[in-house]
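J.: Quick one: sequence plus predicted model below, questions after.
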Amino acid sequence: MTPILQIQSLDKSFGGLHVTANVSFDVMPGEISAIIGPNGAGKTTLFNQITGHLRSDSGRILFNGQNILGHSPQRIVARGIGRAFQIASIFPDETVLDNVRIACLSKRGETRKYLRAVDAFTEATDDARAILESLGLSDQAERLAFELAHGDQKMLDIGIALALRPNLLLLDEPTAGMSPEERLHTKELILKLWKEFDLALVFIEHDMDMVFGIAQTVRVLQQGALLAEGTPEQIRANKEVITAYLGEEF
Ligand SMILES: Nc1ncnc2c1ncn2[C@@H]1O[C@H](COP(=O)(O)OP(=O)(O)OP(=O)(O)O)[C@@H](O)[C@H]1O
Ligand SMILES: [Mg+2]
């Protein structure tokens, strides 16, 4: 089986700071996996390189076997890589429904200008409502996005990404800033979305309960380099990972 994503010898420096260093790994279709590592390890930078938000210094990125290095974020999204951000990236003054509906319309190659004229609007509305239902946000559809609880704003960001029908979804700290109850809920929800939308899913997390609870593969970044890659059991038992990041309690 061809990996859905192949990262090969990827590098990025900011001035003298080597932020990702010779990173290589493959993500298989349908896999759910986690990227962990200390603050500043280069996790978000790696996502920015994959999604085209940052230009890589060297290396290769293949999506479904085809090069995407150097492509624009728009082109990469259109290819099928969706992403939610460490800080939710939503339209705060639009309704929850509109946030997702705008994305559904853009997937159909429409813009808001044409809303009234076309059936696309009705279809996009149906799509958006179905996504909100999956996210458990249906009862909040008419609220303005900024009024949502923090956890729900993070979910809405995921909903916008899902509206673009990705095959690969990248989530940057989906539980960041959440209460313990919200984290538990998010863990279950992400597992549900992974199955329902038939995704390859890669998430960055500091919540080890979530990482070891749902990831099939765990990758550890330290100072920009891939320190380890394996099953949750292998990573938990890895002496280097324990020293660099996990500590003894896992
Ligand atoms: N645009 C930039 N310009 C300069 N330095 C940057 C830039 N983006 C990130 N860095 C630096 O690169 C390093 C890695 O940052 P990154 O955000 O990728 O870390 P991270 O692993 O996501 O950390 P966290 O767990 O805190 O989110 C940090 O030292 C950061 O300050
Ligand atoms: Mg980060």
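T.: Received the coordinates, thanks. Ligands and ions are numbered 1, 2, ... in the order given.

J.: Let me know how buried the closest residue to Asn238 other than its chain neighbours is, in neighbour terms.
T.: Nearest residue to Asn238, sequence neighbours excluded (Cβ to Cβ, 6 or more residues apart in numbering): Ala228, at 5.1 Å. All C-beta spots, glycine's among them, are computed from the backbone N, C-alpha and C. Residues near Ala228, counting by other Cβ atoms under 10 Å, number 19.

J.: now do Gly37
T.: That count, for Gly37 with other Cβ under 10 Å as the rule, works out to 24.

J.: quick revisit: wait, the residue nearest to Asn238 touches Ile235, no?
T.: Yes - with contact defined as Cβ atoms under 8 Å, Ala228 counts as touching Ile235 (6.0 Å).

J.: Check the contact lists of the two and give me the overlap.
T.: Counting by Cβ atoms under 8 Å, 6 or more residues apart in numbering, the common neighbours of Ala228 and Ile235 are 218, 220, 241.

J.: With respect to Asp119, which of the residues you listed is nearest?
T.: Using Cβ to Cβ, Val218 comes nearest to Asp119 of the shared contacts of Ala228 and Ile235, at 44.8 Å.

J.: what are the pairing partners of the strand or helix carrying that closest one, and which direction each?
T.: Applying DSSP states H and E as the criterion places Val218 in strand 217-222. Sheet pairing for strand 217-222, assigned by DSSP bridges, gives strand 32-36 (parallel), strand 225-230 (antiparallel).

J.: mean confidence score for that strand?
T.: Averaged over strand 217-222, pLDDT sits at 97.

J.: and it, how far out from the chain's middle?
T.: Offset of strand 217-222 from its chain centre (Cα atoms, centre = their mean, to the nearest Å): 15 Å.
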